[in-house]
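**Q** following is a predicted model, sequence given first.
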Amino acid sequence: MADVLKTEEIKNWDASKIDAKVVDLRKQIFGLRMQQSAAGMEKPHQLKILKKNIARLLTIKTATQAK
(Lines give C-alpha, C1' and ligand atoms only; values in the text may rest on other atoms or scores of the structure.)
Protein backbone atom coordinates (compact mmCIF):
# COMPACT_ATOMS: atom_id res chain seq x y z
CA MET A 1 0.00 0.00 0.00
CA ALA A 2 2.44 2.67 1.16
CA ASP A 3 5.88 2.72 -0.38
CA VAL A 4 8.77 4.80 0.81
CA LEU A 5 9.23 7.80 -1.49
CA LYS A 6 12.73 8.42 -2.84
CA THR A 7 14.16 11.90 -2.27
CA GLU A 8 15.78 11.97 -5.72
CA GLU A 9 12.37 11.44 -7.27
CA ILE A 10 10.66 14.08 -5.13
CA LYS A 11 13.24 16.76 -5.91
CA ASN A 12 12.03 16.81 -9.52
CA TRP A 13 8.43 17.56 -8.52
CA ASP A 14 6.93 21.03 -8.42
CA ALA A 15 5.21 22.48 -5.34
CA SER A 16 1.67 21.75 -6.54
CA LYS A 17 2.45 18.08 -7.11
CA ILE A 18 4.00 17.83 -3.64
CA ASP A 19 0.95 19.49 -2.09
CA ALA A 20 -1.37 17.08 -3.90
CA LYS A 21 0.64 14.09 -2.71
CA VAL A 22 0.60 15.37 0.90
CA VAL A 23 -3.19 15.70 0.78
CA ASP A 24 -3.47 12.18 -0.62
CA LEU A 25 -1.20 10.73 2.06
CA ARG A 26 -3.14 12.49 4.82
CA LYS A 27 -6.36 10.98 3.48
CA GLN A 28 -4.72 7.56 3.58
CA ILE A 29 -3.65 8.11 7.19
CA PHE A 30 -7.18 9.12 8.11
CA GLY A 31 -8.56 5.97 6.48
CA LEU A 32 -6.06 3.76 8.27
CA ARG A 33 -6.86 5.37 11.63
CA MET A 34 -10.56 4.78 11.07
CA GLN A 35 -9.84 1.18 10.14
CA GLN A 36 -7.65 0.79 13.23
CA SER A 37 -10.33 2.08 15.58
CA ALA A 38 -13.09 0.03 13.99
CA ALA A 39 -11.60 -3.41 13.51
CA GLY A 40 -7.86 -3.30 13.89
CA MET A 41 -5.17 -3.22 11.23
CA GLU A 42 -3.23 -5.97 9.54
CA LYS A 43 -0.23 -3.72 8.85
CA PRO A 44 0.07 -1.01 11.52
CA HIS A 45 3.53 -0.02 10.27
CA GLN A 46 1.87 1.64 7.26
CA LEU A 47 1.01 4.64 9.44
CA LYS A 48 4.67 5.18 10.25
CA ILE A 49 5.67 4.97 6.57
CA LEU A 50 2.97 7.46 5.54
CA LYS A 51 3.98 9.94 8.24
CA LYS A 52 7.62 9.75 7.20
CA ASN A 53 6.66 10.27 3.56
CA ILE A 54 4.70 13.42 4.48
CA ALA A 55 7.65 14.73 6.48
CA ARG A 56 10.02 13.99 3.59
CA LEU A 57 7.76 15.78 1.10
CA LEU A 58 7.36 18.88 3.25
CA THR A 59 11.08 19.03 4.04
CA ILE A 60 12.04 18.92 0.37
CA LYS A 61 9.36 21.48 -0.49
CA THR A 62 10.71 23.88 2.15
CA ALA A 63 14.29 23.34 1.03
CA THR A 64 13.49 24.09 -2.61
CA GLN A 65 11.52 27.23 -1.69
CA ALA A 66 14.44 28.54 0.37
CA LYS A 67 16.76 28.49 -2.65
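**A** Cool, the structure landed. Just so it is clear, the structure is predicted and the values come from calculations on it, not from any experiment.
**Q** and K61, how many residues sit next to it?
**A** 19 (other Cβ atoms under 10 Å). In short, each C-beta sits where N, CA and C put it, glycine included.
**Q** now the spatially closest residue to it that is not a sequence neighbour: which helix or strand?
**A** Spatial nearest neighbour of K61, excluding adjacent residues (Cβ to Cβ, 6 or more residues apart in numbering): I18 at 4.8 Å. Per DSSP states H and E, I18 falls inside helix 15-38.
**Q** buried ones in the least confident helix or strand in the chain by mean pLDDT?
**A** Using mean pLDDT, DSSP states H and E, the weakest-scoring helix or strand in the chain turns out to be helix 7-10, at a mean of 92. Counting neighbours by 16 or more other Cβ atoms under 10 Å, one finds that the buried residues in helix 7-10 are I10.
**Q** what do you get for stretch 15-30?
**A** For stretch 15-30, by 16+ other Cβ under 10 Å, it's I18, K21, V22, L25, Q28, I29.
**Q** can you give the distance of it from its chain's centre?
**A** How far stretch 15-30 lies from its chain's middle: 6 Å, per Cα atoms, centre = their mean, to the nearest Å.
**Q** next, the contact list for G31, please.
**A** Residues counted as contacts of G31 (Cβ atoms under 8 Å, 6 or more residues apart in numbering): none.
**Q** how much space between it and Q46?
**A** For G31, the distance to Q46 equals 10 Å [Cβ to Cβ, to the nearest Å].
**Q** in stretch 45-65, what's buried?
**A** By neighbour count on 16+ other Cβ under 10 Å, the buried set for stretch 45-65 is Q46, L47, I49, L50, N53, I54, R56, L57, I60, K61.
**Q** one more: stretch 28-45?
**A** So stretch 28-45, judged by 16+ other Cβ under 10 Å, has buried residues Q28, I29, L32.
**Q** before we move on, back to that, dump the buried residues of stretch 15-30 into CSV; add distance to E8 and pLDDT as well.
**A** Output for the buried residues of stretch 15-30, formatted as CSV (distance: Cβ to Cβ, whole Å; pLDDT from 0 to 100):
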residue, distance to E8, pLDDT
I18, 14, 96
K21, 15, 97
V22, 18, 97
L25, 19, 97
Q28, 22, 96
I29, 24, 96
